[in-house]
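Engineer: return atomic coordinates for the entry below.
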Amino acid sequence: MTSNKNIPINELILSEMKNQDLSISAMAKKLDLSLNATYNTFRKTSIQTDRLAQISEILQVNFFKILGSQIPAENPVDPKIEELRTENETLKEVIRLLGGNK
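Structural biologist: Modelled structure (predicted):
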C-alpha cells in the first residue's frame, strides 16, 4: 500500500481490505468484534491505537507509518538553536586555545 496524503484512517483501512479481498465480516471475526461494532469502527475517521495495531497486524500494513508520513516535519529543530550550538562550540575552542579551561 502506498502512502496517501490526508486520507482518513478508516478509508485507508477499507481500501486495503478491498485490495486484500477481506470482507467486513471476516475482519470482524479476526478482531473478535460483532459485525455491528466493526461497521461502527470503520465509520469513524479516528481509531484507538491498540485497535489500529491489531488491524495493522491482520492486514500486514503499518498504518502508523502511513499516518506518520502525513505529519509535516521538515525540520523540527529551530535553526537558531543549531546556530547557537555552533557558536558555543566555536567559543569553547577559542577559550581552550587562549589557555582557558586548564
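Engineer: give me the most central residue, this structure.
Structural biologist: By CA atoms, centre = their mean, the chain has its centre lying nearest to Gly68, at 2.6 Å.
Engineer: how close does that residue sit to Glu16?
Structural biologist: 16 Å (CB to CB, to the nearest Å). All C-beta spots, glycine's among them, are computed from the backbone N, C-alpha and C.
Engineer: hey, which helix or strand in this structure has the poorest pLDDT?
Structural biologist: helix 79-97 (a mean of 86; mean pLDDT, DSSP states H and E).
Engineer: run a quick neighbour tally on Gln20.
Structural biologist: 14 (other CB atoms under 10 Å).
Engineer: and what of Gln70?
Structural biologist: Counted with other CB under 10 Å, Gln70 comes out at 12.
Engineer: and it, how far from Glu11?
Structural biologist: 13 Å.
Engineer: all helices for this structure, in order.
Structural biologist: With helices called from DSSP state H, the chain shows them at 9-19, 24-31, 35-43, 49-59, 63-69, 79-97.
Engineer: so what does the first one touch, helix or strand wise?
Structural biologist: Using 3 or more CB pairs under 8 Å, 6 or more residues apart in numbering; DSSP states H and E as the contact criterion, the elements in contact with helix 9-19 are helix 35-43, helix 49-59, helix 63-69.
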